[in-house]
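A.B. asks: 3D, please:
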Amino acid sequence: MMIHTSRQISRGTEVEIRRGDHVIIARVAWRDGARAGLQADERVPVEEIMTLGQSPALQLTAVQGERRKVPRKPDDSRLRGRAMEFAGVLAVVASLAGYAVTMVHDALVLPLAAVTAVLAR
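C.D. replies: Residues are numbered from 1 along each chain as shown. Okay, here's the model as predicted:
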């Protein structure tokens, strides 16, 4: 869909367009002066939106910013990713350590049993 806006929004910016109870969440696909093309992931209920207003011009305002009620902090995703990476590395290290202990046990059990048998005589 195309909108006319005086706001400075760049390509790739996520915007919210509100009309009545309808909220359209879209990403700016292109920009040419005051015109901007938006791409929404969901179907836009054009007929329902058009019947809301009695005026011939549909006035939609684009709101740039966070659409969540509680804004997400920029570092949340990074910290969560680092924690998952740390847990994965820890699991791999623990598996390798367990495998190494098993290998050392298997390598030493027969020679130590032989030494124990000779010393027990």
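
A.B. asks: which secondary structure element contains the residue nearest to residue 14 when sequence neighbours are not counted?
C.D. replies: Computed as Cβ to Cβ, 6 or more residues apart in numbering, the closest residue to residue 14 that is not its neighbour in sequence is residue 27, at 5.4 Å. In this view, the C-beta of every residue, glycine as well, is placed from N, C-alpha and C. Using DSSP states H and E, residue 27 sits within strand 22-32.

A.B. asks: what's that strand in contact with?
C.D. replies: Around strand 22-32, the neighbours that count as contacts under Cβ atoms under 8 Å, 6 or more residues apart in numbering are 1, 9-18, 36-42, 44-45, 48-49, 52, 67.

A.B. asks: now the closest residue to residue 48 other than its chain neighbours: how far from residue 85?
C.D. replies: Nearest residue to residue 48, sequence neighbours excluded (Cβ to Cβ, 6+ apart): residue 22, at 6.8 Å. According to Cβ to Cβ, to the nearest Å, residue 22 and residue 85 sit 40 Å apart.

A.B. asks: of those two, which one has the most company?
C.D. replies: residue 22 (13 against 10; other Cβ atoms under 10 Å).

A.B. asks: pLDDT score assigned to the more buried one?
C.D. replies: Note for residue 22: predicted pLDDT of 73.

A.B. asks: do the same with residue 87
C.D. replies: pLDDT at residue 87 comes out at 97.

A.B. asks: residue 81 versus that one, what's the distance?
C.D. replies: Taking Cβ to Cβ, one finds residue 87 at 11 Å from residue 81.
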